[in-house]
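S.K.: Need a 3D model of the sequence below.
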Amino acid sequence: MSADQFIPVCEPVLAGREDQYVADCVATAWISSAGAYLNKFEQGMAALCGVGQGVACANGTAALHLACAALGLAPGDEVIAPAFSIISTANAIVQTGATPVLVDVEPDTLCLDPVQIESKVGPRTKAIMPVHMYGHPADMDPIMEIAGRHGLAIIEDAAQVHGAAYRGRPLGGIGTMGCFSFFANKLITTGEGGMVVTNDESLAERLRLLRNLAHGRRRFEHEELGFNYRLTNLQAAVGLAQLERLEEIKTAKAAIGDRYNANLGDLRELTLFWGKARPKASPVMWMYGLLLPEGLDRDRFMERLRGRGVDTRAFFLPLNRQPLYDGSRRGMPDLRGSFPVSEDAGRRGFYLPSGVGLGDEQIDRASQVVRELLAEG
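M.R.: Presented below is the predicted three-dimensional model:
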């Protein structure tokens, strides 16, 4: 098989003014962690989310950690989070000394199940961290209602939902803070990068302080622990060009999901996620995910797909199944427990090639290979 026949799981498309903006950074020597493109990118992302403040940072994990640190989370505090998520969700909480308290997810969206939150709220609970999973909005109204009654902050993990909305409200701008990733497979990419958005000016000031080593009143004088989480003007130049094309990117990605649905929707043994939006939600198609039938070895199925030229990625390993959090590591919380929906998704789920530049022929070929392998058993 030639390299041009292999279908990668996701490749970025830099088809806007990325070259022009990056060249301008180089020509003017504004290549580090300050500059016009950084300011414009922060302002643009804040505007996209309907809030006043954007604080760019090194990556999505750094964004989550900054948000937790800006809230002043400390040992003894607890944060409610979904069991089904990338490990960054738990790590950001643990790095402040606080403890994640896990809740299972909804089967249709794989987002935090609001019905299960109330029983996990206790005297040490300080925040809730809903993760908008695989382009789907979490059910924010009941989550916000619970948070309001108990005086809790909301940190939205919006890493996968650039431009998505819930009942007309942009994701990332509903809670106390929203955290984005700009990794190469995201709808907006800077290669690596992240951002926290908020309407709270004092929180934004705190985020900026912590992002840049927490310099004191005099530079290089430090009264507290800060982090080197800065984003460069070069990266922001790429991000700004991507942001300018977001609607085009969203449309292209949705068309990919629609074509997969048309190709695979008659296979009742598969569980498909694109197109299952809750009422009044406006998801984005980040990656095209599905669950295999019970009894099939997901990892072996993915190997067989790769052998026929179709790249894939497994769904996240649930946080309660992470070796780091199995109770055997000194200083790490024990997150073991029973979260059946999360565990089922982590065992049977994967996503197909979903890059924005994917052509119809590639989508059709990937779909046909899935059908062939299912028929073979």
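
S.K.: can you give me the strands in this protein?
M.R.: Here the chain has its strands, by DSSP state E, at 53-57, 78-82, 99-103, 125-128, 153-157, 165-166, 169-170, 177-181, 194-198, 271-272, 281-282, 288-291, 313-314, 349-352.

S.K.: hmm, what's the outermost residue in the chain?
M.R.: If you look at how far each residue of the chain sits from its centre, by C-alpha atoms, centre = their mean, the farthest one is residue 218, at 36.0 Å.

S.K.: Spatially central residue for this protein, please.
M.R.: Centrality entry for the chain: nearest residue to the mean C-alpha point is residue 159, 2.5 Å, by C-alpha atoms, centre = their mean.

S.K.: The nearest residue to that residue once chain neighbours are set aside: what's it in contact with?
M.R.: Distance criterion C-beta to C-beta, 6 or more residues apart in numbering; nearest residue to residue 159, sequence neighbours excluded, is residue 181 at 3.7 Å. In short, each C-beta sits where N, CA and C put it, glycine included. Shown here is residue 181, whose contacts under the criterion C-beta atoms under 8 Å, 6 or more residues apart in numbering are 59-61, 63, 159-160, 193-194.

S.K.: again, 7 Å this time
M.R.: Under the criterion of C-beta atoms under 7 Å, 6 or more residues apart in numbering, the contact partners of residue 181 comprise 59-60, 159, 194.

S.K.: Please apply the same query to residue 152.
M.R.: 125-128.

S.K.: List just the nearest of the contacts of residue 181 to residue 144.
M.R.: The closest of the contacts of residue 181 to residue 144 turns out to be residue 159 (C-beta to C-beta; 19.6 Å).

S.K.: the helices in the protein, which residues?
M.R.: Using DSSP state H, the helices found in the chain span residues 18-28, 36-48, 60-70, 88-94, 140-150, 201-211, 233-244, 246-264, 298-307, 340-348, 360-376.

S.K.: May I see the buried residues of the second one?
M.R.: Of the residues in helix 36-48, those scored as buried under the neighbour-count criterion (16 or more other C-beta atoms under 10 Å) are 36-38, 40-42, 44-46, 48.

S.K.: One more: the shortest one?
M.R.: When burial is assessed from 16+ other C-beta under 10 Å, helix 88-94 yields the following buried residues: 88-94.

S.K.: try stretch 14-24
M.R.: Going by neighbour count (16+ other C-beta under 10 Å), the buried part of stretch 14-24 is 16-18, 21-22, 24.

S.K.: What of stretch 200-214?
M.R.: Neighbour counts over stretch 200-214 (16+ other C-beta under 10 Å) mark 200, 203-204, 206-211, 213-214 as buried.

S.K.: hmm, back to that, can you check what pLDDT the model gives the residue nearest to residue 159?
M.R.: Reading off the confidence values, residue 181 has pLDDT 98.

S.K.: can you list the weak-confidence ranges in the chain?
M.R.: Within the chain, the set of residues satisfying pLDDT under 70 comprises 1-4.

S.K.: the domain parsing of it - what is it?
M.R.: Residue ranges of the domains in the chain are recorded as 18-244, 246-376, according to automatic domain parsing.

S.K.: now, of the ones you listed, which is deepest in the fold?
M.R.: For those, average neighbour numbers computed from mean count of other C-beta atoms under 10 Å are highest in domain 18-244, which has a mean of 21.

S.K.: From start to finish, how long is that one in a straight line?
M.R.: The distance separating the two terminal residues of domain 18-244, taken as C-alpha to C-alpha, to the nearest Å, comes to 10 Å.

S.K.: Against residue 147, how distant is the residue nearest to residue 159?
M.R.: Between residue 181 and residue 147 the computed distance is 23 Å (C-beta to C-beta, to the nearest Å).

S.K.: now residue 343
M.R.: With the distance defined as C-beta to C-beta, residue 343 ends up 26 Å from residue 147.

S.K.: got it, and residue 327?
M.R.: Using C-beta to C-beta, one obtains 29 Å as the distance from residue 327 to residue 147.

S.K.: swap in residue 130?
M.R.: When C-beta to C-beta is the yardstick, residue 130 and residue 147 sit 10 Å from each other.

S.K.: Can you pull out the residues in contact with stretch 273-289?
M.R.: Residues outside stretch 273-289 that contact it (C-beta under 7 Å, 6+ apart): 10, 108-109, 134-137, 139, 160-167, 187, 250, 253-254, 256-257, 260-261, 290, 315, 349, 351-352, 354.

S.K.: Spit out the contact partners of the spatially closest residue to residue 96 that is not a sequence neighbour.
M.R.: Setting aside the residues directly before and after it, residue 96 is nearest to residue 73 in space (C-beta to C-beta, 6+ apart), at 4.0 Å. Residue 73 makes contact with 79, 93, 96, 98, 126, according to C-beta under 7 Å, 6+ apart.

S.K.: quick check, nearest of the residues you listed to residue 32?
M.R.: Nearest to residue 32 among those is residue 96, at 27.6 Å by C-beta to C-beta.

S.K.: Let me know whether the closest one touches residue 68 as I believe.
M.R.: Yes - under the criterion of C-beta atoms under 7 Å, residue 96 makes contact with residue 68 at 4.8 Å.

S.K.: Which residue, neighbours along the chain excluded, lies closest to residue 110?
M.R.: Leaving out its chain neighbours, the residue that sits closest to residue 110 by C-beta to C-beta, 6+ apart is residue 133, at 4.4 Å.

S.K.: show me the contacts for that neighbour.
M.R.: Contacts for residue 133 were tallied using C-beta under 7 Å, 6+ apart; they are 84, 109-111, 160.

S.K.: Let me know the closest of those residues to residue 52.
M.R.: Taking C-beta to C-beta as the measure, residue 52 lies nearest residue 160 of those, at 23.4 Å.

S.K.: returning to that earlier point: the residue nearest to residue 96 and residue 146: what is the separation?
M.R.: Using C-beta to C-beta, one gets 18 Å for the distance from residue 73 to residue 146.
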